[in-house]
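Enquirer: Fold the following, please.
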Amino acid sequence: MTPFEQTIAILERLVAFPTVSSDSNLDLIAYASGVLESAGARVMVSQDTSGTKANLLATFGPDAQGGVVLSGHTDVVPAEASDWSSDPFRLREENGLFFGRGTCDMKGFIATVLAMAPSFGQLDLIRPLHVALTYDEEVGCLGGQQLVEEIHQAGLRPSVAIIGEPTCMRAIEGHKGCYEYTTCFHGTDGHGSEPDKGVNAIHFASQFIGRLLELGEDLKHRMQDTSNRFSPSWTTVQVGRIEGGSARNVIAKHCEVEWEMRPIRPEDGDWIKSNLDAFCRDELLPRMQAAAPMSQITTEIIGEVRGLEVADQNEARDMVTALTGNTDCDVVAFGTEAGLFQSLGMSVVVCGPGSIAQAHQPDEYVSKDQLEDCLNMLSGLSGHLTRPA
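Expert: Got it, this is the predicted structure:
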């Protein structure tokens, strides 16, 4: 098989693993582990506390510092079959496009890496090449947080990380952070005809949402640096999901608000959180507890994943632009695991096949041209990992 044919065969296997974040990824990890071990890599698999999810870290070449990491997440977002033209977990090709859940986000990249594994295993490497596969990126970068800690604890010191999120093979050198939360309001129920005799959690949650949106508007107007290249050029907030109450005529005892912010700067996130904490502590909770002392407001941190900071000196960016021939570097608003690797002192770039416009959509696809461009980039890595001829 050619590397491209091998990529498609592997991609077909990867898409068939329904690794939605709510489900296990262990079968996919076992498959990838087998491919990498057969190619000569040393493979470490580490599970989460539930035993249903796992990360993989594989290494080709010497036990040395200064290696290059190729990283991708194995989980995908849910896919409603009724919204798709075909089975979302069965790869379908049409006119040079490969359809299936995760094809661009980001099993296409993983497939190219696994297809190149035999070639990596045959190289006389003077610099390690690491392959990192993580779980639960889509729900808070949970696996990535565990993996970077394990890399640190193991004493590994890679110097470059390429995160293969879909960028149409452009080098992305910066992105916003992604902070995700669930805030729960616990009141008391009662008959809807006597609302003053209960604590309606939905009513207080709506005031919380209103305050959150006010703070978002304030932050937009406080943002003076419009030259930061992000679009939009300010830290954003948004509410993604609300659930509460039991019936139209019953006072809502419980309400849950899932919300997020995408900070450009960590201090923006701190400002939003401190203001919301004060609003709950000083205004909402006293009013709730005046009517029902057991009332509570709790916030769960789902994930606070730092952004990727643009760096003047960035070996990863320079490496990728040299390999792809595309020097048009950019920044994006969506989040990745890149900031986690940057926190270990690595230079990091985001670059992979497919378009973010396809991610999380029905009939998600990646194109033949994008996969071939990624294979060419990975093939060119040998010049950065071996002795000059």
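Enquirer: For Ala81, give me its contacts.
Expert: 87-88 (CB atoms under 8 Å, 6 or more residues apart in numbering). For the C-beta atoms, the positions are set from N, CA and C on the backbone; glycine is no exception.
Enquirer: same check, this time on Gly40
Expert: Gly40 neighbours (CB under 8 Å, 6+ apart): 60, 121-122.
Enquirer: switch to 10 Å and redo it
Expert: 58, 60-61, 117-118, 120-123 (CB atoms under 10 Å, 6 or more residues apart in numbering).
Enquirer: ditto for Thr74
Expert: Listed by CB under 10 Å, 6+ apart, the contact set of Thr74 reads 14, 17, 19, 21, 25-26, 28-29, 32, 53-56, 102, 106-107, 110, 133-137, 143.
Enquirer: if you skip the residues just before and after it, what's nearest to it?
Expert: Asn25 (4.7 Å; CB to CB, 6 or more residues apart in numbering).
Enquirer: How about Asp189, nearest residue that isn't a chain neighbour?
Expert: The nearest residue in space to Asp189 (CB to CB, 6+ apart) is Lys253, at 4.0 Å.
Enquirer: and the one you found, backbone torsions?
Expert: For Lys253, the backbone dihedrals (degrees, to the nearest 10) come out as phi -80, psi -30.
Enquirer: Could you measure from His191 over to Ile251?
Expert: Look at His191 and Ile251: by CB to CB, to the nearest Å, they are 7 Å apart.
Enquirer: rewinding a little: buried among the contacts of Gly40? Need that as a selection in PyMOL.
Expert: Of those, the buried ones go into a single PyMOL selection, burial set by 16 or more other CB atoms under 10 Å:
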select buried, resi 58+60+61+117+120+121+123
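Enquirer: Mind checking which of the contacts of Gly40 are in helices?
Expert: Cross-referencing the contacts of Gly40 against helices under DSSP state H gives 117-118, 120-122.
Enquirer: which one of those residues is nearest Ala247?
Expert: Ala117 (56.1 Å; CB to CB).
Enquirer: pretty sure the closest one contacts Thr7?
Expert: No: taking CB atoms under 10 Å as the definition, Ala117 is not a contact partner of Thr7, at 11.1 Å.
Enquirer: Quick one: the strands in the stretch 101-250 of the chain, in order.
Expert: 129-134, 160-163, 172-175, 178-186, 236-244 (DSSP state E, counting those that start in this stretch).
Enquirer: Reformat the ones you listed as CSV; add mean pLDDT, mean neighbour count and distance to Gly210.
Expert: Output for the strands of the stretch 101-250 of the chain, formatted as CSV (pLDDT from 0 to 100; neighbours: other CB atoms under 10 Å; distance: least, CB to CB, whole Å):
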stretch, mean pLDDT, mean neighbour count, distance to Gly210
strand 129-134, 98, 26, 36
strand 160-163, 98, 28, 36
strand 172-175, 94, 26, 29
strand 178-186, 95, 21, 13
strand 236-244, 96, 15, 10
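Enquirer: and which of the ones in helices among the contacts of Gly40 is nearest Ser85?
Expert: The shortest gap between Ser85 and any of these belongs to Ala117, at 31.9 Å (CB to CB).
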